[in-house]
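1. requesting a structural model of the entry that follows:
(one chain, ligands or ions: 1)
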Amino acid sequence: DTDAQILMRFKASLSNNNALNNWVNESSLCSWRGLLCNHTDQTFYGLRLHNMSLGGKIDVDTLLELPTLTSFSVMNNTFEGPMPEFKKLVRLRALFLSNNKFSGDIPDDAFEGMTKLKRVFLAENGFTGHIPKSLANLPRLWDLDLRGNSFGGSIPEFQQKDFRMFNLSHNQLEGSIPESLSNKDPSSFAGNKGLCGKPMSPCNEIGGNESRSEIPYPDSSQRKGNKYRILITVIIVIVVVVVASIVALLFIRNHWRKRLQPLILSKQENSKNSVDFRESQSIDVTSDFKKGGDGALNFVREDKGGFDLQDLLRASAVVLGSGSFGSTYKAMILNGPTVVVKRFRHMNNAGKQEFIEHMKRLGSLTHPNLLPLDAFYYRKEDKFLVYDYAENGSLASHLHDRNGSVLNWSTRLKIVKGVARGLAYLYESFPGQNLPHGHLKSSNVVLDHSFEPHLTEYGLVPVMTKSHAQRFMAAYKAPEVNQFGRPNVKSDVWCLGILILELLTGKFPANYLRHGKGGNNSDLATWVDSVVREEWTGEVFDKDIMGTRNGEGEMLKLLRIGMFCCKWSVESRWDWREALAKIEELKEKDSDEEYSSYVSEGDLYSRTMTEDEFSFSVTN
Ligand SMILES: Nc1ncnc2c1ncn2[C@@H]1O[C@H](COP(=O)(O)OP(=O)(O)OP(=O)(O)O)[C@@H](O)[C@H]1O
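-> From the prediction side, this is the model:
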């Protein structure tokens, strides 16, 4: 047979030999994958079949038929079983079997007669038993790598003195290292617990050369017995450790559970109240209802009531947010309206009957700028108010959330007018009662599909627990209420002024609540005042409306109205009627004369608003 035919037979004995697909008879031998050829005369001399996932049988008898084969390598494959009888290949100079799954003892004479063998690589297999004596007797051995096997017993006396590479590490070798190898690097012997002597640590008296030759390598039945003992010990240890760990874990879990229980509960409670604007979070809004109450959803308007408590309980709901009084949910009633349910935790200023009467009064209000109160649910410890849902959310979210749409000047003017009209209607509906909105702020102005504003959470001061109201309701931020007591319509005017300034500047009022000079609370109005008086740069307006052409004069007028609504002293603060009248006068565009005087000389701010001029317009 030709070399090609012999190699094809060899290939056939291998399993998983797809990597050798280009071994085809017709082609030149030296183009076959894994074949080593002499470049000068194109003669084949070796096989280098690395990393090919090969397995099966290495047919040494077939290889024997290849007279020029001097190098054989199958490193990094999956061959298993005992080492094949390579000693027949007496011409072999290099044998590479590392990183396979070969196992078992290698007979002492396994390398006998291989006088040309220079390089032997058997590393990272599962070989056991003694290092074969015939290996130690190879006259030309130059590279030897037996690392990572389970060779045991003592190291034989190697004939060769000069190795280029020598590694017996990570085996189970024992006894003293032969004198001839004492000049080797210690790493060549590392990982053999039983080895001693140079270059490793010295042997004790029992060790040494003598004892080395006496250390018998246990026969295979003895070794099997040892293996079982070790295996059983390991299993027992693992079982004990696992059981002990489980018991310890259970104990620790119970212990911490008991200690953390109160915290977990309060965390759950808190998370119900935490602000969450993610519309996607689905919640069981009405589980709160299930806890008690008189069982009835009390409708306060005749035009509402197309649903009942059960419908509300079944509605899918999302948390809109959580304010100072409790969470607010949007509930989508199946085949019914979408409503907003707001939970109030601190609404205990009135008895049940008084509360119901007040809700009925509020429910009777009807105005395009008041969000209708549809129903309420009474429970001693907390109350639920049901309002219409406004699809464009709150004014606050548009002014301050990054995702809120930009409101132009004409929309802002429409909102201010709507707010003022809603307030006026509220005051006129309860003549002589001085019932304020009480909680007027941008998050309580909600916008419908056409950005028409609707006031919400109005008229609740009489039923609110006073201490909580004092801390959180917007009306109590007015300086005089902050100092002396109950909110009233004049304190609403203060809130209206702040709302106007917030709308024009885009600044969030709470950021300007700080302790100012003389113990007075500073506020957005003080900031606006200081900007226009001391460091007027034209930047008082929100950047989204600053460039509005043809409306700057009206914007300045509104700024002036805002300032008059925020007069510190109640006497000089405008009354709501005056504020409403001035707001109603505002137009979207400046009148022709005003406009031409602003634009004719260039930049509005540097031209028209010197500090003195502005201060004059504000203070007068
Ligand atoms: N009727 C409504 N329609 C649409 N969105 C609403 C409605 N009522 C409230 N919201 C939204 O729910 C959010 C949370 O309202 P909530 O009243 O709980 O908070 P708040 O107004 O910031 O605080 P507070 O409890 O002091 O009134 C508001 O910012 C608003 O965007």
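2. I'd guessed His346 sits against Leu460; true?
-> No: using Cβ atoms under 8 Å, His346 is not in contact with Leu460; the gap is 10.4 Å. (Each C-beta comes from the backbone N, C-alpha and C, glycine too.)
3. so those two - more neighbours on which side?
-> Leu460 (24 against 20; other Cβ atoms under 10 Å).
4. residues in contact with that one?
-> By Cβ atoms under 8 Å, 6 or more residues apart in numbering, the contact list for Leu460 reads Phe344, Met347, Gly438, His439.
5. so which of those belong to strands?
-> Here DSSP state E is the test, and the contacts of Leu460 give Phe344 as lying in strands.
6. show the overlap between the contacts of Leu460 and what lies near the ligand.
-> Among those, proximity to the ligand is found for His439 (Cβ under 6 Å from any ligand atom).
7. ok, the contacts of Leu460 vs the ligand, which is closest?
-> Distance to the ligand, by Cβ to the nearest ligand atom, is smallest for His439 among these, at 6.0 Å.
8. run a quick neighbour tally on that closest one.
-> Neighbour number of His439 under other Cβ under 10 Å is 27.
9. that one against Val463, yeah?
-> No: contact between His439 and Val463 fails when scored by Cβ under 8 Å: they sit 11.9 Å apart.
10. and stretch 326-346, C-alpha only, in CSV?
-> Extracted in CSV, the C-alpha atoms of stretch 326-346 (Å, rounded to 0.1, in the frame of the first residue of the first chain):
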residue,chain,number,x,y,z
GLY,A,326,-51.3,59.2,50.7
SER,A,327,-51.1,57.3,47.4
THR,A,328,-53.0,58.2,44.3
TYR,A,329,-54.2,55.5,41.9
LYS,A,330,-55.6,55.5,38.4
ALA,A,331,-58.3,52.9,38.2
MET,A,332,-59.6,51.7,34.8
ILE,A,333,-63.0,50.3,35.3
LEU,A,334,-64.0,47.6,32.9
ASN,A,335,-66.7,49.0,30.6
GLY,A,336,-66.7,52.2,32.7
PRO,A,337,-64.8,55.4,33.2
THR,A,338,-61.2,55.8,34.2
VAL,A,339,-61.1,57.5,37.6
VAL,A,340,-58.5,58.6,40.1
VAL,A,341,-58.7,57.3,43.7
LYS,A,342,-56.8,59.3,46.2
ARG,A,343,-56.2,57.9,49.7
PHE,A,344,-56.1,60.5,52.5
ARG,A,345,-54.6,59.3,55.8
HIS,A,346,-55.0,62.5,57.8
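11. tell me how far it lies from the chain's centre.
-> Mean-position distance between stretch 326-346 and its chain equals 30 Å (Cα atoms, centre = their mean, to the nearest Å).
12. any buried residues in that stretch, and which?
-> Within stretch 326-346, the residues that count as buried by 16 or more other Cβ atoms under 10 Å are 326-331, 333, 337, 339-344, 346.
13. tell me the spacing between Pro509 and the ligand.
-> With distances taken as Cβ to the nearest ligand atom, to the nearest Å, Pro509 is found 12 Å from the ligand.
14. all helices for the stretch 351-500 of the chain, in order.
-> Counting by DSSP state H, counting those that start in this stretch, the stretch 351-500 of the chain has these helices, from start to end: 352-363, 395-400, 409-429, 466-472, 479-484, 489-505.
15. export the second one as PDB, just CAs?
-> Extracted as PDB, the C-alpha positions of helix 395-400 are listed here (Å, rounded to 0.1, in the frame of the first residue of the first chain):
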ATOM      1  CA  LEU A 395     -49.200  70.900  35.500                       C
ATOM      2  CA  ALA A 396     -46.200  70.100  37.800                       C
ATOM      3  CA  SER A 397     -45.300  67.100  35.700                       C
ATOM      4  CA  HIS A 398     -45.200  69.200  32.500                       C
ATOM      5  CA  LEU A 399     -43.200  72.000  34.100                       C
ATOM      6  CA  HIS A 400     -40.700  69.800  36.000                       C
END
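16. name the helices or strands packed onto it?
-> strand 445-447, helix 489-505 (3 or more Cβ pairs under 8 Å, 6 or more residues apart in numbering; DSSP states H and E).
17. could I get those in CSV, plus columns for mean neighbour count?
-> As requested, the helices and strands packed on helix 395-400 are exported to CSV (neighbours: other Cβ atoms under 10 Å):
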stretch, mean neighbour count
strand 445-447, 25
helix 489-505, 25
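18. for these, give me TSV that also has distance to the ligand.
-> Compiled in TSV, the helices and strands packed on helix 395-400 are given as follows (distance: least, Cβ to the nearest ligand atom, whole Å):
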stretch	distance to the ligand
strand 445-447	4
helix 489-505	12
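19. check those for me: which has the lowest mean pLDDT.
-> Of all the helices and strands packed on helix 395-400, helix 489-505 carries the lowest average pLDDT, namely a mean of 92.
20. next up, phi/psi of Cys37, please.
-> phi -120, psi 150 (degrees, to the nearest 10).
21. any idea how far whatever residue of the chain ends up closest to the ligand lies from Asn167?
-> Relative to the ligand, the nearest point of the chain is Gly323 (2.0 Å; Cβ to the nearest ligand atom). Using Cβ to Cβ, to the nearest Å, Gly323 is found at 74 Å from Asn167.
22. now do Thr526
-> 83 Å.
23. those two: which is more packed in?
-> Asn167 (21 against 17).
24. contacts only, for that one.
-> Per Cβ under 8 Å, 6+ apart, neighbours of Asn167: Ala123, Leu144, Asp145, Leu146, Arg147, Ser187, Ser188.
25. poorly predicted segments of the stretch 201-350 of the chain, please.
-> Along the stretch 201-350 of the chain, segments meeting pLDDT under 70 span 205-226, 252-295, 305-306.
26. kindly recompute the last result at 90.
-> 201-328, 332-337, 343-350 (pLDDT under 90).
27. distance to Leu69 added to the contacts of Leu460, as TSV?
-> Listed next are these as TSV, based on distance: Cβ to Cβ, whole Å:
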residue	distance to Leu69
Phe344	93
Met347	97
Gly438	100
His439	96
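28. got the residue ranges for the helices in the stretch 501-620 of the chain?
-> 524-534, 543-546, 552-565, 576-585, 592-599, 604-608, 611-619.
29. doesn't Tyr45 fall inside a strand?
-> Yes: assessed with DSSP: H, G, I helix; E, B strand; the rest coil, Tyr45 lies in a strand.
30. isn't it right next to His39, touching?
-> No: in terms of Cβ under 8 Å, Tyr45 does not count as a neighbour of His39; the distance is 10.8 Å.
31. between these two, who's got more neighbours?
-> Tyr45 (15 against 7).
32. so who does that one touch?
-> Leu36, Cys37, Asn38, Thr68, Leu69, Thr70, Ser71.
33. helix, strand or coil for the fifth one?
-> The reference is to Leu69. coil.
34. many thanks, I have nothing further to ask.
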